[in-house]
Structure formats: C-alpha cells, structure tokens
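Student: dropping a prediction and its sequence here:
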Amino acid sequence: MQKTTQEIHESPGFKRLVRDRWMVSTILTICLFVLYYGFILLIAYNKPFMGQRVGEITTLGIPMAVGVIILAWILTCVYVAWANRSHDAHAGRLRDSIKH
C-alpha cells in the first residue's frame, strides 16, 4: 500500500530527516558567517594587526585570507561527507519504506 504525501510528511522518519538537515545546515552556515564576517571585521577594525609583516613582503592578512578560503572548503567537505554518510542513507531508508 502506497503512503500519501500527508502520511509521509507526518512520519517521524521524515521529520527527523528534515530536522537533521536543517540542524547541520544551520550550524555550518553560522560557522561560515562567523569565519567570513569575523575576517572582514578584523580587516575593518584592526588594520595594524592585519598589517603585521610575516615575511619580507607578506602581511598577516594574506595567510589569514587563504585560511578563510581553505576553511570554507573544509566546511563544504564536512557537509558533503555528512550528507553522503548519514543523510543519504536515511533518505534511502525512508524512500524504501514508502515503496513498501
């Protein structure tokens, strides 16, 4: 017997799937905003700190900017790994339960 859309939306498995996705997405989005806006605010309000020399030519701001980009990639990788490992498996189980 096929389930209706209403039954699927009200099922605990579907609610858990949606809740988990929103929780992970929200946490990672907040981390990314803190990372980006923290960097921008640091540039805006603490120029002497960002202007410290790290080498002969490079200032501290350059490696920090590279770090921001790398950390953004890492956050993306965390989401993809979570989605592949947990979210997709749970969605597959839910989809299989709908078919039967």
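Tutor: Sure, I can see it.
Student: mind listing the helices for this structure?
Tutor: Remark: helices assigned in the chain by DSSP state H are 5-10, 12-45, 47-50, 61-82, 88-99.
Student: now for the longest one, which elements pack on it?
Tutor: Meaning helix 12-45. helix 47-50, helix 61-82, helix 88-99 (3 or more C-beta pairs under 8 Å, 6 or more residues apart in numbering; DSSP states H and E). Yep, even glycine has a C-beta here, placed from its N, CA and C like the rest.
Student: for R16, find the nearest of those.
Tutor: helix 88-99 (7.4 Å; C-beta to C-beta).
Student: so how far is the closest one from its chain's centroid?
Tutor: Taking C-alpha atoms, centre = their mean, to the nearest Å, the mean C-alpha location of helix 88-99 is offset from the chain mean by 23 Å.
Student: same deal with stretch 93-100?
Tutor: Worked out by C-alpha atoms, centre = their mean, stretch 93-100 lies 27 Å from the chain centre.
Student: report the rounded mean pLDDT for it.
Tutor: Regarding stretch 93-100, the rounded mean pLDDT is 78.
Student: quick check: closest non-adjacent residue to V24.
Tutor: The shortest distance from V24 to any non-neighbouring residue, by C-beta to C-beta, 6 or more residues apart in numbering, is to W82 (5.7 Å).
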